[in-house]
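In: Sequence and predicted structure below; questions after.
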Amino acid sequence: MKKLILSSVLMGLAVSAQASAELPAAIKEKGEIVAAIMPNYPPMDFKDPATNELTGVDYDLGNALAERLGVKIKWQETAFEQMVSALTTKRVDIILSGMTDTEERQKSVTFVDYFTSGPQFYTLQSRDDLNEMTDLCGKKVGTSRRTTFPAEIAAWSKANCEAAGKPAVIVVGAEGSADARAQLRQRRLDAAMQGSETVPYIMSLEQNTFKPLGNAISRQLTGLGVSNTNPELAKAVADALQSMIADGSYQTILKKWELEEGAIERVTINGK
């Protein structure tokens, strides 16, 4: 038994050392990875109300990845719309903030995909007139304008409302998911959309306030962003993440946040 434990420990150290050796020289020299995060998307990224400290899936995952890579992680709060610019100008090394892997973003960013989710409609529990997704035809639906969700709603509306001779969904761009929820509570919106991974969480925080409408309308990959000019770092992160999947530590993080359904089995880069 002792031999088995020792073997496991040595194997873990070997994996860590191997991952660390593959890091770019600049990161190994400074001994840290600077990660952009915007803590306004629970349970992926947010601040604990009791301590005002960063927490969430991405925070836990980033800390674990940095440890496995043999460096520290420095979290840098960055406005979501400025993250890609911060990455390409080398103000940060990675983006780890629930960012969806899209073809447009791949023009500047290499994504190490680590989670799956999708955009989901939800509304107030008290809205007895809204029970199916098609009940939203002709209604106002809000979502963060910084995401791909406005386009997702428009495409869904065209296929499911307009194609059936019903009025189109009125898409309202919000400053973020929190703003959309606030407008929904104020009944300035009929419904809202955000990632399927976050809807159960907000429902648990505000019980009997919201209800989901249907399931996610598409499948999306969430990725850790690395500059296209830094393939060495992308490879090191991907290898470290795959080793976490292999030993179960990745699954432990998702289980902590009740997001096992979004787990991946194999790390992909730009969805491939």
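Out: That came in fine, so what should we check first?

In: make it CA atoms for all contacts and neighbour counts henceforth
Out: Fine.

In: correct me, but M244 touches L254?
Out: No: between M244 and L254 there is no contact under CA atoms under 8 Å: 11.8 Å.

In: G98 - that's part of a helix, no?
Out: No: going by DSSP: H, G, I helix; E, B strand; the rest coil, the assignment for G98 is coil, not a helix.

In: who's in contact with it?
Out: With contact set as CA atoms under 8 Å, 6 or more residues apart in numbering, G98 has these partners: Y41, M44, D45, D58, T222, G223, L224.

In: Which residue ranges of the protein form strands?
Out: All strands of the chain, identified by DSSP state E, fall at 32-37, 46-47, 54-55, 72-77, 94-95, 109-117, 119-124, 140-144, 170-174, 191-195, 210-213, 220-227, 268-269.

In: circling back: would you format the contacts of G98 as JSON lines with distance to V92 and pLDDT included?
Out: Listed next are the contacts of G98 as JSON lines, based on distance: CA to CA, whole Å; pLDDT from 0 to 100:
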{"residue": "Y41", "distance to V92": "20", "pLDDT": "88"}
{"residue": "M44", "distance to V92": "19", "pLDDT": "96"}
{"residue": "D45", "distance to V92": "17", "pLDDT": "95"}
{"residue": "D58", "distance to V92": "16", "pLDDT": "98"}
{"residue": "T222", "distance to V92": "18", "pLDDT": "97"}
{"residue": "G223", "distance to V92": "16", "pLDDT": "98"}
{"residue": "L224", "distance to V92": "12", "pLDDT": "98"}
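
In: Could you dump those residues into TSV and include distance to G262 and neighbour count?
Out: Listed next are the contacts of G98 as TSV, based on distance: CA to CA, whole Å; neighbours: other CA atoms under 10 Å:
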residue	distance to G262	neighbour count
Y41	16	20
M44	12	24
D45	15	21
D58	13	25
T222	10	24
G223	12	27
L224	15	27
